[in-house]
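> Dropping the sequence and predicted coords here.
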Amino acid sequence: MMRAGAHPGIAGIWSKAAGFWSNRRGVAAVEFALIVPILLVMYFVTMEASQAIETSKKVSRIGSMVADLVTQQPTIVKADLDAIMKIGTSTIQPYNRSTPNITITAIQVTTDTPPKVQVVWSRKVVNGVYSIGTTLPATTTVPATLKVAGTFLIRTESNLAYQPMITWSADSQQKLGMPSAFASTISMGETYYLRPRRSLTIPCSDC
C-alpha cells in the first residue's frame, strides 16, 4: 500500500541522488582528472628548467675552458684554434638540439694616448663552420678595467640558441594566437677575457 502524499518517481530520484553523493569513487575520479594535467605541466616545466640551467652553466664553461687553453699557448695556428673550439663544442653534450657558436679574439691595447683597442687576430665557429672572426684591420672594445695600455688579451665569446624540449613553432603560435614571448629558442651566452700565461702576446702565424 502506498502512503498518502508519497510519489514513487520523486522517491526514486531522491534515492539515486543520495546514492551518487555517498559514492566517493566518482568524486575521486573527477579530482584525479583535474589534478593530473596540472601535475604533468609542473613535471615538464621543472624538468625543462633544470636542463636549461645546466646547459647555461655548460655554455659559460665553454668560454672559460677555451680561453684557458688558448692563453696557455706561446704561439698558435688556425688548426690549434679550431681543435680547441671543437673541444669546447663537445662540452655541451649530451645536449644536442643546437650547437654553440664560439669566437676567439686576440686583442692588443696599444700604448697610445688614449690607448687603442686593436684586434690582432680572430677565429670563430658558427653552425659547425670555422672561419675568420673579424676582418683586419679592426678595432674593438673591452671593459674599462681591462683597458690597460700595453696589455694583450684573449676574448672568448660562447653563444647558444637553446631549444627547449617543448617548444612552440612559429606556425602554431600564429594559429593559436600566442604572443611572441613563447619563443622556440632561448639565447644563452658568456664572454671571458684572459691574459697570456706563458708569453706577453700570442701570435697566430696563419690567422
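The structure has been received and is ready for your questions.

> Beyond the lowest-mean-pLDDT helix or strand in the chain, next helix or strand please.
Using mean pLDDT, DSSP states H and E, helix 170-176 stands out as the lowest-scoring helix or strand of the chain, at a mean of 43. Using DSSP states H and E, the helix or strand that follows helix 170-176 in sequence is strand 186-194.

> Tell me the buried residues in that following strand?
For strand 186-194, a neighbour-count test (16 or more other Cβ atoms under 10 Å) marks 188-190, 192-194 as buried. All C-beta atoms are positioned from the backbone trio N, CA, C, and that covers glycine.

> for that strand, packing partners?
Where contact means 3 or more Cβ pairs under 8 Å, 6 or more residues apart in numbering; DSSP states H and E, strand 186-194 is packed against helix 24-71, strand 152-162.

> Take it, keep the C-alpha atoms, and write them as CSV.
Taking only C-alpha atoms (Å, rounded to 0.1, in the frame of the first residue of the first chain), the coordinates of strand 186-194 have been written out as CSV:
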residue,chain,number,x,y,z
ILE,A,186,66.4,30.8,-25.6
SER,A,187,69.6,32.8,-26.1
MET,A,188,72.5,31.8,-23.8
GLY,A,189,76.0,33.3,-23.9
GLU,A,190,79.1,34.3,-21.9
THR,A,191,82.2,36.4,-22.6
TYR,A,192,85.6,35.8,-20.9
TYR,A,193,88.8,37.8,-21.0
LEU,A,194,92.2,36.2,-20.1
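
> List the strands paired with that strand, with their directions.
The pairing partners recorded for strand 186-194 under DSSP bridges are strand 152-162 (antiparallel).

> Redo the buried residues of strand 186-194 as a markdown table? Include distance to S122.
Output for the buried residues of strand 186-194, formatted as a markdown table (distance: Cβ to Cβ, whole Å):
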| residue | distance to S122 |
| --- | --- |
| M188 | 21 |
| G189 | 17 |
| E190 | 17 |
| Y192 | 15 |
| Y193 | 14 |
| L194 | 15 |
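
> what's the closest of those residues to K124?
G189 (13.4 Å; Cβ to Cβ).

> mind listing what the nearest residue to the closest one once chain neighbours are set aside touches?
Using Cβ to Cβ, 6 or more residues apart in numbering and skipping the chain neighbours, the partner closest in space to G189 is N159 (4.0 Å). With contact taken as Cβ atoms under 8 Å, 6 or more residues apart in numbering, N159 is in contact with 59, 100-102, 187-189.

> Does the closest residue to R155 other than its chain neighbours belong to a helix, a strand or coil?
Counting by Cβ to Cβ, 6+ apart, T105 is the residue found nearest to R155 once chain neighbours are left out, at 4.5 Å. Three-state assignment for T105 (DSSP: H, G, I helix; E, B strand; the rest coil): strand.

> Residues in a beta bridge with the residue nearest to G189, which ones?
Beta bridges link N159 to N101, G189, judged by DSSP bridges.

> L81 is in contact with C207, isn't it?
Yes: contact criterion Cβ atoms under 8 Å: L81 and C207 qualify, at 7.4 Å.

> Against P37, how distant is the nearest residue to T156 once chain neighbours are set aside?
In space, and not counting its chain neighbours, T156 is closest to A67: 4.0 Å by Cβ to Cβ, 6+ apart. From A67 over to P37 the distance is 46 Å, taken as Cβ to Cβ, to the nearest Å.
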